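>>> okay, sequence plus prediction incoming.
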Amino acid sequence: MSVDTMDTTDAVAFVHSATLRELPSSVERAVRVRVLDTLAAMTAGYRQDGIDIVRRYALDRFGGESTATLFDGSGTRVHPEGATLANSTAANALDIDDGHREVKGHPAAVVVPAALATAESEDSTVETLLDAVYVGYEIGVRAGLAIHHLDGVYTGTGSWGAVGAAAAVARLRDFPTERTAHALGIAEYHAPRTPIMRGVERPGMTKDGIGWGSYVGAVSAQLAASGFTGSGTVFDEVDTGVVAPFGDVHHVTEAYLKPYPCCRWVQPGVEAALSLAESTAIDPTSVETVRVHTFEEATHLRTRSPDSPEEAQYSYPFPVATALVRGRFTQAEHASDVLSDPDILALSDAVELRVDEALDGRFPGDCLARLELDTESETYASDVTRPPGAREQPLADDVRREKARRLVTPTLPPSAIEKTERRLRDSASVATLLSPWRT
């Protein structure tokens, strides 16, 4: 395979020229699915403890041009930059937003909120919104792959997603090419550092830096529009051997959806635990040891007794124990009474995390685990498990819709999901698309 150079000019040309009408229908479908999934994740995210802090900040600091909706069901609108910050933080609050394995992050949660806030403010059509989400997603993932390659350090979504958010905003605002180039450059330069492995081991509300990354992208576009200049982008420093040429690979079609509100690295273990519980009908109180065999990075998720939803999301033992005891792991399992459940905590203490060399060698291309449960008399073993939602094992449409309905309820009626899905296909105005949240 030949390797060609690329630069910021190529990225800018893609931002301005790419359109879903000229691509396979599977690409547009993937974008629509990500927008709906992110809307649902944001709605549920506003019900999480702590998100009210960011919501209040947006209300206090971003009055003025109140043209962008907060997706908390209140119908409140604030300045687009404030909506971007609050909505993107909410999108990742449950850790149930979409993700991309190769870049090891969450492109939709950082791109979609910025695009929605701008599209609503610009009175855009749904077709225009979807094009902007597509280019933002593709630019963001490529920026992440390039940054990780050059720096040799794995950083969270905000560190590269800011570039994708800026791209989406520039497309929606129809920037001149020079302004778009500066928007991308400013976003990359000012993006948060997000040392994600620290966040994994010491969880806090900072998480993947998604809220700040999306906000930086939106603000960078505004600065560029006003004449502020950047210093080029990471695309000037890599070639097509590192990052696929723009438009050749559609990263949005390679992403995954999450069925469970926790770190993706934990989800194969949760799925394996649920499968074993269903197939064996084992009494969880009889389990003496749970051995999780998985890839090395996942073994850093060691929190056994989480004190917050964030600690529960970045724990491996707790979600697995909860799945065995309660037969599920949903937003309800982030509640304080579940976090303090003595049966769950006792089983969480019995979870051992072990690196499996074969499974480790397949990460990040595959996110896998297998479980062994020891009782006094028997050992039960799962198959090597891949979590549902991966491109090799996508969520069925009915499962995907049920996830979205569950997430928006009780903030909105479940029927809001079907209405929104229809409007995403019909190219209605973005204002009409968002009417369940605007009223």
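Yes, it's here.

>>> how about Ile139, what does it touch?
Ala11, Phe14, Val15, Val163, Gly164, Ala167, Leu184, Phe246 (Cβ atoms under 8 Å, 6 or more residues apart in numbering). Using the backbone N, CA and C atoms, a C-beta is placed for each residue, glycine as well.

>>> what's the following helix or strand after the one helix or strand it maps to?
Using DSSP states H and E, Ile139 falls within helix 126-151. Counting by DSSP H and E, the next helix or strand C-terminal to helix 126-151 is helix 158-172.

>>> before we move on, the earlier item: got JSON lines for the contacts of Ile139, with distance to Phe363 and neighbour count too?
Output for the contacts of Ile139, formatted as JSON lines (distance: Cβ to Cβ, whole Å; neighbours: other Cβ atoms under 10 Å):
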{"residue": "Ala11", "distance to Phe363": "28", "neighbour count": "27"}
{"residue": "Phe14", "distance to Phe363": "29", "neighbour count": "21"}
{"residue": "Val15", "distance to Phe363": "31", "neighbour count": "26"}
{"residue": "Val163", "distance to Phe363": "25", "neighbour count": "35"}
{"residue": "Gly164", "distance to Phe363": "23", "neighbour count": "33"}
{"residue": "Ala167", "distance to Phe363": "28", "neighbour count": "35"}
{"residue": "Leu184", "distance to Phe363": "30", "neighbour count": "31"}
{"residue": "Phe246", "distance to Phe363": "27", "neighbour count": "21"}
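
>>> coming back round to it: quick one: the helix holding Ile139 to helix 158-172, angle?
Angle of helix 126-151 versus helix 158-172, following axes from the mean of the first three to the mean of the last three Cα atoms, to 10 degrees, is 150 degrees.

>>> what average pLDDT does helix 126-151 get?
The pLDDT scores in helix 126-151 average 98.

>>> which parts of it are buried?
Buried residues in helix 126-151, defined by neighbour count with 16 or more other Cβ atoms under 10 Å: 126-148.

>>> re the thing from before, ok, the contacts of Ile139 vs Ser88, which is closest?
Gly164 (11.4 Å; Cβ to Cβ).

>>> from Leu116, how far off is that closest one?
Distance, Gly164 to Leu116, using Cβ to Cβ, to the nearest Å: 14 Å.

>>> common neighbours of the two, please.
With Cβ under 8 Å, 6+ apart applied, the contact sets of Gly164 and Leu116 do not overlap.

>>> before we move on, the earlier item: could the contacts of Ile139 be laid out in CSV, adding distance to His106 and pLDDT?
Listed next are the contacts of Ile139 as CSV, based on distance: Cβ to Cβ, whole Å; pLDDT from 0 to 100:
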residue, distance to His106, pLDDT
Ala11, 21, 98
Phe14, 21, 98
Val15, 21, 99
Val163, 14, 99
Gly164, 11, 99
Ala167, 16, 99
Leu184, 19, 99
Phe246, 21, 95
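
>>> pick the one among those residues closest to Pro107.
The closest of the contacts of Ile139, once distances to Pro107 are taken by Cβ to Cβ, is Gly164, at 6.2 Å.

>>> isn't the closest one right next to Val141, touching?
Yes. Gly164 is in contact with Val141 according to Cβ atoms under 8 Å; the separation is 7.3 Å.

>>> mutual contacts of those two, please.
Listed as contacting both Gly164 and Val141 by Cβ under 8 Å, 6+ apart are Pro107.

>>> which non-adjacent residue is nearest Asp72?
Tyr46 (3.8 Å; Cβ to Cβ, 6 or more residues apart in numbering).
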